[in-house]
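S.K.: predicted model, plus sequence, below.
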Amino acid sequence: MITVTAVIISLISVSVAGSAQPDSISLEYCYRLADERYPTAKNIELQKKITELNVDIAHTGYFPDVTVNGQATYQSEVTEIGLPGGGGPPSVSQDQYEASVDVTQTIFNGGAAGIRKEVEQAKGRQHMYATKVELHRIRSQIDQVYFGILLSRQQAKTIGLLIDNLREQHSTVRSQVENGVLLPSQQHILKAELIAARQDSADNESNIRAGYRVLSQIIGEEIDRDTRLELPEVSSDYPALHPQRAELDLFESRRESLEKQKALVRTKRMPSLAAFGTAAYGRPGLNFLNDDFHDYYIAGLKVRWNVWDFFNADRQHQVLQIEQQKIDQEQRAFRRQLDASLDRISERIASIKENMKRDRKIIELRAQVVEESASQLKNGVITATEYVTELTRSNQARLLLYINRVRLSQAKSEYLTTLGIGLQEQVN
């Protein structure tokens, strides 16, 4: 039989398991969270709603214009018709009243209403792509923070190794000082280096904690110090990739918006045809000799053609064409900068790969030197200062290899980010 206590324990276990943080996270995971949770990302959905409302507003251009009017006036004098010998129709009242409804329905205006809807849709897409451009900058920030943490954690491993070696040598030298084999100064040198290494470790740990806090703020999820950041596995088949930057879509949407505006301008060259009607109640009506309250109406067709709109349409069309030319120039400049950035990153990737080959060879040589130096220090052949120098050089070589591994992954990820391609979209 299941007890209440067992049920409670089960519920608590499920709750803890559901809220537990992952042991490790990837760079792609950070990208996805930023796209979903960063405040700017919400502007995409907000812009969709704005566009829908603006399209609905533009759609009312198909509907008739309806205006309700009302007025009451008093005239100091009215028209009077007098006949010879007196008599004639009664005079019109000096107080006059009218309540009316005016209706105008556009029959033809060159399709302006439909084009206005397309203009609003194009503007909406333009705003959404502008938001995606901003989110791309956020990805660049994630790259910097993410790989900054990885570099600091690699440095922490190297510093830890240095501290362990210094502690071991300090213990050995201390026993030799106590036996009178070495001078006390040798022990003091190692102790000072050990204190400095621990200080470097504390500073590095502070940088790691700060990096996790910044990354948590960007992606909108709390990440603690124990969460491991996975080093991205990035392909090197770059020639097969093509730029997919949001800026390129933004340029295209701007051109599309200008094309829609040009189509709207063309409608100004055409006359518009509309039907109109007025239904009213008051006195006097259309027959000013009838001074009784009564209803009346008027209906008809009207054509409107603005001469200045016709001539200004050409100028407005030229302005929009020039705007399109400006966009073309901006896109050329962007592509030139993009190509330059990709070339620069490619050169950095090649350089890092060559440096890593040298690092591995240097590490092998430095390890042999440190091993020999440790033996010489025990036998009193070299001083502790000389040993620390060789040990530091060896650890620097290891650190440089670790750093270059992270830098290589960072450079490859930066290449993809510059292309506007996610890590999952790369060519494997």
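M.R.: Yep, that arrived.
S.K.: kindly export stretch 101-117 (C-alpha atoms) in CSV.
M.R.: The C-alpha coordinates for stretch 101-117 follow below in CSV (Å, rounded to 0.1, in the frame of the first residue of the first chain):
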residue,chain,number,x,y,z
VAL,A,101,-25.4,61.1,-43.1
ASP,A,102,-22.8,61.4,-45.9
VAL,A,103,-21.7,58.2,-47.6
THR,A,104,-18.8,58.0,-50.2
GLN,A,105,-17.8,54.8,-51.8
THR,A,106,-14.6,54.7,-53.9
ILE,A,107,-15.2,52.8,-57.1
PHE,A,108,-11.8,53.2,-58.7
ASN,A,109,-8.5,54.7,-57.4
GLY,A,110,-5.9,52.5,-59.2
GLY,A,111,-6.0,49.8,-56.5
ALA,A,112,-4.5,52.1,-53.8
ALA,A,113,-6.3,50.2,-51.0
GLY,A,114,-4.7,46.8,-51.9
ILE,A,115,-1.3,48.4,-52.4
ARG,A,116,-1.4,50.1,-49.0
LYS,A,117,-2.0,46.7,-47.4
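S.K.: that one - what's its average pLDDT?
M.R.: Across stretch 101-117, pLDDT averages out at 92.
S.K.: equivalent analysis for stretch 359-366, please.
M.R.: Stretch 359-366 comes out with an average pLDDT of 90.
S.K.: hmm, who's touching that stretch?
M.R.: Residues from elsewhere that reach stretch 359-366, judged by C-beta atoms under 8 Å, 6 or more residues apart in numbering: 390, 393-394, 397-398, 400-401, 404. Heads up, the C-betas are built off the backbone N, CA and C, glycines and all.
S.K.: can you give me the helices in the stretch 251-400 of the chain?
M.R.: Per DSSP state H, counting those that start in this stretch, the stretch 251-400 of the chain carries helices over the ranges 307-378, 384-419.
S.K.: show me which of the contacts of stretch 359-366 are buried.
M.R.: Among these, those scoring as buried are 390, 394, 397-398, 400-401, 404 (criterion: 16 or more other C-beta atoms under 10 Å).
S.K.: need the residue closest to the centroid of the chain.
M.R.: Geometric centre of the chain, nearest residue: residue 135, 1.5 Å, by C-alpha atoms, centre = their mean.
S.K.: circling back: so which of the helices of the stretch 251-400 of the chain is the most surrounded?
M.R.: When the helices of the stretch 251-400 of the chain are scored by mean count of other C-beta atoms under 10 Å, the highest mean neighbour count falls to helix 384-419 (a mean of 20).
S.K.: picking up where we left off before, residue 342: which of the buried ones among the contacts of stretch 359-366 is nearest?
M.R.: Closest approach to residue 342 among the buried ones among the contacts of stretch 359-366 (C-beta to C-beta): residue 404, at 20.5 Å.
S.K.: do you know the pLDDT at that closest one?
M.R.: On pLDDT, residue 404 comes in at 89.
S.K.: surely it meets residue 357?
M.R.: No. Checked against C-beta atoms under 8 Å, the pair residue 404 and residue 357 is beyond contact range at 9.9 Å.
S.K.: gap between the residue nearest to the centre of the chain and residue 271?
M.R.: Residue 135 sits 46 Å away from residue 271, going by C-beta to C-beta, to the nearest Å.
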